[in-house]
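**Q** Could you look at this predicted model? Sequence included:
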Amino acid sequence: MKKVILSCLTVMFVLLMQTKTVEAAPPGSGWTQVFGDEFNDYTVDTNKWRVSDNLDYDKDGNKCWFYPSNVKEDGNSLVIENHWYASPGAHGEVYSGGWITSKKEFNKGYFEARIRLDWADQHFWPTFWMWKWQPTSPNEFDIMEYTHWHTHPSQSHHYPNKTGKTSQASNTPVSEWHVWGLLWTDTEVSFYIDGVKQFSSERPDVAQTDWLPMIFSCSPNRDNQPARTGKYPRLFVDWVRVWQGGSAPPVTTAPIGKTIALIAQGPNKYISASQSLDSANWPVVANKSSVGNAEKFKVVDAGNGYIALQNVANGKYVCSDEHLDATNWRLYANRSTIGDWEKFTWHPVSGGVALRAKGNGKYICSDRYLNATNWPLAANRNTIGAWEKFSWEIK
């Protein structure tokens, strides 16, 4: 029996070690790894990292200090510790944490780290991020951040005068090992968890010239300070890797958070929410040769694999409206909230994309038979042909 138990424990140990050291492939192709640290030693590699020894904050009469002694390796991972003190320390601090910055700075690439905490606690502020102080273009990429502002971890792109979607929370448990990633190219800033794209910033252009280091930091939360008692959680980093020189994967899923224009392949015209045809309901038709606000639609995540399309001109969601057309379920940009009739699935097809309405399960068609002049859109097809295909452009 002892031999059986020992064999089982050995197998479990091997499986756990394999799980912990799993390789994560960057999205796309052609990447070359240009930086990495497996943190498999017992000392921090000071050729790669700069460890901070300075004030974190002084708020409400309480100071927190970043100490190099709180940043260490345990033979498997980088570990950043947090501490409290019954009496103020050498700098008057009652809290301490750790901060480590890569000496190498990067302009674009794919960045990933495998991270966990001892346990989730909003009194602490663990972050894997890229930033440096610079007055001209202060971009910040928070690849994994857990603060009291969210009940879940988040990923963000910060920059001056932010517009559009720049942040998204995740249900991913911070107390488990997960891989958090950033894809930064000339045309894209996208955030990943475990190799799956979560969302894209709407302003990748503002970060084109920045050179930024990577940072791992964790300390008692300035804005939600913990009680000075008991043990504090630690931040663990299994590994960090950087790739450059590759290309991003082709877009095969809906461009969530992006504003797009759709072109119907039937008439080869832009889709428009037409106030002139019906000022009350703004029917969606394929009759425009150029793009204005009425031809722009924001792609919104409607949950469970569905999207919604929000027209820029009137701010309304596109609806496959049985009430206005029980036979063809024509599309109108006339809804203020998202229900089943405002939800669609995005289907990449040869030459573009097809859209399928949740309301009746039919594909969207730019239907010349309903009106040969305006080619109105309707959810009335069971199969995909030329009239059910659309190309699209980011706007």
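**A** Looks like it came in fine. Residues are numbered from 1 along each chain as shown.
**Q** ok, now which ones touch Pro88?
**A** 63, 94 (Cβ atoms under 8 Å, 6 or more residues apart in numbering). Backbone N, C-alpha and C define where each C-beta goes, glycine included.
**Q** element containing it, please.
**A** For Pro88, there is no host helix or strand (DSSP states H and E).
**Q** Tell me the spacing between it and Trp239.
**A** 36 Å (Cβ to Cβ, to the nearest Å).
**Q** And for Tyr332?
**A** Using Cβ to Cβ, Tyr332 is found at 51 Å from Trp239.
**Q** More neighbours: which of those two?
**A** A direct count of neighbours by other Cβ atoms under 10 Å for Tyr332 and Trp239 places Tyr332 higher, at 26 against 22.
**Q** beta partners for the more buried one?
**A** On the basis of DSSP bridges, Tyr332 is bridged to Pro283, Cys319.
**Q** Looks like Ala25 contacts Gly181 (just checking).
**A** No: using Cβ atoms under 8 Å, Ala25 is not in contact with Gly181, being 10.6 Å away.
**Q** neighbour-wise, which of these two wins?
**A** The neighbour comparison of Ala25 against Gly181 (other Cβ under 10 Å) goes to Gly181, with 26 against 11.
**Q** Kindly state the beta-bridge partners for the more buried one.
**A** Under the criterion used (DSSP bridges), Gly181 bridges to Glu112, Tyr192.
**Q** In the protein, what helix or strand scores lowest on average pLDDT?
**A** None of the helices or strands of the chain scores lower by mean pLDDT, DSSP states H and E than helix 2-20, at a mean of 41.
**Q** and the gap between Asp74 and Phe124?
**A** Asp74 is 19 Å from Phe124, by Cβ to Cβ.
**Q** Show me which of the two is the more surrounded one.
**A** Neighbour count, other Cβ under 10 Å: between Asp74 and Phe124, Phe124 has more, with 27 against 13.
**Q** and the more buried one, what pLDDT?
**A** pLDDT recorded at Phe124 is 95.
**Q** And for Val349?
**A** pLDDT recorded at Val349 is 81.
**Q** same check, this time on Val299
**A** For Val299, the pLDDT comes out at 96.
**Q** Count the residues that sit near it.
**A** By other Cβ under 10 Å, neighbour count at Val299 equals 21.
**Q** Which elements pack onto the strand or helix carrying it?
**A** Element membership for Val299 (DSSP H and E) is strand 297-303. If contacts are counted by 3 or more Cβ pairs under 8 Å, 6 or more residues apart in numbering; DSSP states H and E, strand 297-303 sits against strand 259-264, strand 306-311.
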